[in-house]
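Asks: I would like to see how this sequence folds:
(chains A and B)
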Amino acid sequence: MNRLKHLVFGAALAFSAMGLPAQQVLAETFVFTAIPDENEARLRERFDKVAVYLTKTLGVETKYIPVKSYAAAVTAFRNNQVQLGWFGGLSGVRARHLVPGSEAIAQGFEDQAFETYFIVHASTGLKPSADFPAAIAGKTFTFGSKGSTSGRLMPEYYVRQNFKAAPNRIFTKVGFSGNHSKTIALVQSGAYQVGAVNFKVWENELKAGKIDPKKVSVVWKTPPYPDYQWTIRGDVETRWKAGFKAKVREALLNMKDPDLLASFPRKSFIPASNSDYKPILDVAKLIDLIS
Amino acid sequence: MSSPQALSANLRRGYSPVVKTSLIFVAVAAVCLFFADISITTLDPWSEMGRMAQGVLAPDFTAVAGIGMIIVQTIAFALCGVALGAVGGFLLAQIFHIGPVRWTCAAVRAIHELFWALIFLQMLGLTPLTGVLAIAIPYAGICAKVYAETLEEAELPALPALPFGTGIISSFFFARLPDVWVHIKNYTAYRFECGLRSSAVLGFVGLPTLGFYLETAFGEGNYSEAAALLIIFYVLIATLRLWMRPKLIGLYVLVAPFLLGGGAAIDMRNIARFLTVDIVPAPLRNGSLGAGKTWSNLADWAGMLLFDQALPGMVATLLLSQIALVATGILALALFPLISEKFFGRLPRLLGHVFLVVLRSTPEFILAYIFLQLWGPSMLPAIVALALHNGAIIGHLVGRFSDQVRLRPDSPRGLNLYGFEILPRIYGQFLAFLFYRWEVIMRETAILGILGIATLGFYVDSSLADIRLDRVMFLIAIMVIFNVAVDALSRHIRSRLRLSTQTGQA
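Replies: The predicted model follows:
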């Protein structure tokens, strides 16, 4: 009986304690997140540095919180639990769609012309080509994360455009590996014959020696499209002060520390606007990833 | 060898209902197998498998910073979730005879913890409350059912002995509860082990438990770190009885809420928006209610979800879970002797326990990934992953149950003991465990999208990735109906076969 009492009491306490975090209002901390597109330790290291830089430059306490999925990053932004996000093309479009008044303020220099690589296992015998490789039809195919621009949106778009049909009608099997590193691992082992991968991650892993060129190789590169960008909520102006948005943009554009830039990896940050991402929005609507 | 006469006599008599049911399930699985794709396509899995093996052989415990806190938080979420769930379930069990209460309990337990967490993430964000509720709500549904059945089926010798005029509350605490207390206690303890697994798995969606770090390490191919985390988790589960002392539970539950960590602030507007806008079907949200067009759009919307996603999803779910169910059963029957006193001595049993802990504590998605590397994408990796995980759980429960079987001093040994003495006596119990596990297996098929198997859960996950919460709720509602139907069927079979229901443990 005693135990039951303990249970009841403990549970009651648990409930009351649950309420506590709700009251700790993180009033003046400016919080941002980023889509989890690669190695988490690297993300944490990179964005903790960014947080230090922004705290110093903006004069406002700034914090980075890591999330587990593209959708979680968008949801946190939508729920105002973060006010700034380093999003991909698709997740950024979704975030701005869900939060009226939010704005793309800066992108990486390379993000003006991002690419997806279609990679194949050596046993397919496919060779690199400038034209879309129609011979991938009938093979097994893996995307990356369901919410990824380079691992899902753009490759699906080109598959549909070239075959005039949905991927699951073209390929014998369509999987979602979850992230770009797993896509490479799965195609390298031949578990899937073809995969679509972010070109930056491919180049990084190639440099790191994780790719065996005898087993897996690039067969086609998509035309360039706009990708990653910093997006900020519109209501930061009322929460902090007028002109806060411009200050954040300026701070991002003035990020010159070569180590910090190399960690993204981006050459520099340049101004961006919502209209830069019109092509992504159109494609997302076309293949019904956004309504 | 039986004589031809005996054989024909057997045939005339026919098989017992229990055997018949088993054969029907095996036949159904065989038919499903015919429709399922179980091809093997991988070419050279060995480089990735080699890296995994290296990781297992050289686990790196130093790679995980703050491992102590991770473990503490994993336990804290399990404690808070299970305590709330058990208390809630206990209260609900008292009014379980009321239809709507029973239906609500069936509905909430039909939704996997991970999906509960994803729903609460939309409303509450990454807060401790999200994790606690994701465990507490489905567990309350499960506990309510099992406690109610326990209370209902208990023989209550003390009840008639009470003096006339004893109040309901007194008779409950002095005559009813004491007789079922051991059952309830054992079941709740078992639930806590499940709670630890659930808590760890919640890390996959961002809560600060073991799964958070495991998913990261595994996803990035840091297999030494992943192995270290898994080994710690195995030890945690294997030593549960040592640190989860009855006397300490009260203290644990008191402290746990303070160890959950902080989180973002909860904003009521997000909750309101989720309930009043997000989950309203898009055609209704975007159109005017008076226009006929709105309603025809709504019909198209529902038709599309039903025919393009829900129905194919249900077919895939059914194929996969029927095959996995039978594979689970076969595996459980093969595994349980490993931990049974009837078959092995102390040391081999210990090894058996370790083996079963490893199988049942490794998240299915990790098993599925390993087999995906080995065999390529098909239903095969999913079937094997589900069968190993669930077979080890049922094997563990059946093994413990077999220890209670009393044998004659001259009972046979080895295979004869297994086939003629133990198996017939544990078979009913085994089936009861297996049928309880049926709906669990069905829920677990949700997480296998990596294999390209489009189960119902796969479509839910896709809509979540698209942040189309109206679709999420529609598909989850169908999932609930589907699961409740299977649960009802399983209950029907159990009661027809008169299998004890005192065994909700699976």
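
Asks: now the helices for the stretch 201-350 of chain B?
Replies: B:210-219, B:223-238, B:240-243, B:246-255, B:268-273, B:282-286, B:292-304, B:311-335, B:346-361 (DSSP state H, counting those that start in this stretch).

Asks: Could you count how many residues lie near the residue in the stretch 101-250 of chain A that chain B sits nearest to?
Replies: When scored by CB to the nearest CB, the stretch 101-250 of chain A has residue A:190 as its residue closest to chain B, at 3.0 Å. The C-beta positions use only the backbone N, C-alpha and C, and glycine is treated the same way. Applying other CB atoms under 10 Å in any protein chain shown, we find 21 residues neighbouring residue A:190.

Asks: I'd assumed residue A:123 was in contact with it.
Replies: Yes. Using CB atoms under 8 Å, residue A:190 makes contact with residue A:123 at a distance of 6.2 Å.

Asks: hey, where'd the strands end up in the stretch 151-291 of chain A?
Replies: Assigned by DSSP state E, counting those that start in this stretch, the strands in the stretch 151-291 of chain A fall at A:173-176, A:194-198, A:216-221, A:229-232, A:269-271.

Asks: The second one close to chain B?
Replies: No. Looking at strand A:194-198 against chain B by CB under 8 Å from any CB of the partner chain, there are no contacts, and the closest approach is 11.6 Å.

Asks: For that strand, name the packing helices and strands.
Replies: strand A:116-121, strand A:140-143, helix A:180-188 (3 or more CB pairs under 8 Å, 6 or more residues apart in numbering or on different chains; DSSP states H and E).

Asks: gap between the shortest one and the chain center?
Replies: Strand A:140-143 has its average C-alpha position 19 Å from the chain's average C-alpha position, going by CA atoms, centre = their mean, to the nearest Å.

Asks: before we move on, what about stretch B:114-132?
Replies: With CA atoms, centre = their mean, you get 19 Å for stretch B:114-132.

Asks: That stretch: end-to-end distance?
Replies: Using CA to CA, to the nearest Å, the end-to-end distance of stretch B:114-132 comes out at 12 Å.

Asks: quick one, what contacts the residue lying closest to residue A:122 once chain neighbours are set aside?
Replies: Leaving aside its chain neighbours, residue A:122 sits nearest to residue A:215 (5.3 Å; criterion: CB to CB, 6 or more residues apart in numbering or on different chains). By CB atoms under 8 Å, 6 or more residues apart in numbering or on different chains, the contact set of residue A:215 is A:121-122, A:188, A:190, B:44, B:47.

Asks: Drop anything exposed from these.
Replies: Buried subset of these (neighbour count, 16 or more other CB atoms under 10 Å in any protein chain shown): A:121-122, A:188, A:190, B:44.

Asks: ok so, going back, how about CSV for the helices and strands packed on strand A:194-198, with mean pLDDT added?
Replies: Listed next are the helices and strands packed on strand A:194-198 as CSV, based on pLDDT from 0 to 100:
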stretch, mean pLDDT
strand A:116-121, 96
strand A:140-143, 94
helix A:180-188, 90
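
Asks: do you know which of the ones you listed lies nearest residue A:244?
Replies: Nearest to residue A:244 among the helices and strands packed on strand A:194-198 is helix A:180-188 (33.7 Å), distances taken as CB to CB.

Asks: okay, the angle between the closest one and helix B:210-219?
Replies: Put simply, helix A:180-188 runs at 50 degrees to helix B:210-219, going by axes from the mean of the first three to the mean of the last three CA atoms, to 10 degrees.

Asks: wait, what's in contact with residue 147?
Replies: I'll assume chain A. Residue A:147 touches A:35, A:69-71, A:74, A:88, A:90-91, A:94, B:465-466, counting by CB under 8 Å, 6+ apart.

Asks: My question was about chain B, not that one.
Replies: B:89-90, B:93, B:96, B:184, B:187.

Asks: Quick check: nearest residue in space to residue 97, chain neighbours excluded?
Replies: Looking at chain A here, since you left the chain open. The nearest residue in space to residue A:97 (CB to CB, 6+ apart) is residue A:290, at 6.5 Å.

Asks: Can you look at chain B instead?
Replies: Residue B:97 sits nearest to residue B:148 (CB to CB, 6+ apart), 7.8 Å away.

Asks: does that neighbour sit in a helix or strand, and which one?
Replies: Using DSSP states H and E, residue B:148 sits in helix B:128-153.

Asks: Report the next helix or strand after that helix in sequence order.
Replies: Sequence order places helix B:168-171 as the next helix or strand after helix B:128-153, per DSSP H and E.

Asks: next one: that next one to chain centre, how far?
Replies: Centroid separation between helix B:168-171 and its chain, computed with CA atoms, centre = their mean, is 35 Å.

Asks: Show me what counts as buried in it.
Replies: For helix B:168-171, by 16+ other CB under 10 Å, it's residue B:171.

Asks: which strands and helices sit next to it?
Replies: Using 3+ CB pairs under 8 Å, 6+ apart as the contact test, no helix or strand touches helix B:168-171.

Asks: Contacts for it next, please.
Replies: By CB under 8 Å, 6+ apart, the list of residues contacting helix B:168-171 reads B:159, B:162.

Asks: How about stretch A:152-160?
Replies: Looking at what lies outside stretch A:152-160 - CB under 8 Å, 6+ apart - the contacts are A:89-90, A:116, A:118, A:132, A:143-146, A:166-167, A:170, A:176, A:196, A:222, A:225, A:280, A:283-284, A:286-287, A:289.

Asks: so residue B:201 touches residue B:113, yeah?
Replies: Yes. Using CB under 8 Å, residue B:201 is in contact with residue B:113, at 6.8 Å.

Asks: Domain boundaries for the chain, per the record?
Replies: The chain I'm using is chain A. For chain A, automatic domain parsing gives the domain ranges A:26-112+A:226-286, A:115-221.

Asks: actually chain B
Replies: Chain B breaks down by automatic domain parsing into domains covering B:17-58+B:302-506, B:60-278.

Asks: In JSON lines: those domains, plus mean pLDDT and distance to residue A:154.
Replies: Formatted as JSON lines, those follow (pLDDT from 0 to 100; distance: least, CB to CB, whole Å):
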{"stretch": "domain B:17-58+B:302-506", "mean pLDDT": "86", "distance to residue A:154": "16"}
{"stretch": "domain B:60-278", "mean pLDDT": "87", "distance to residue A:154": "22"}
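
Asks: So for residue A:245, which of those sits nearest?
Replies: With CB to CB as the measure, domain B:60-278 is the member of the domains of chain B nearest residue A:245 (21.2 Å).
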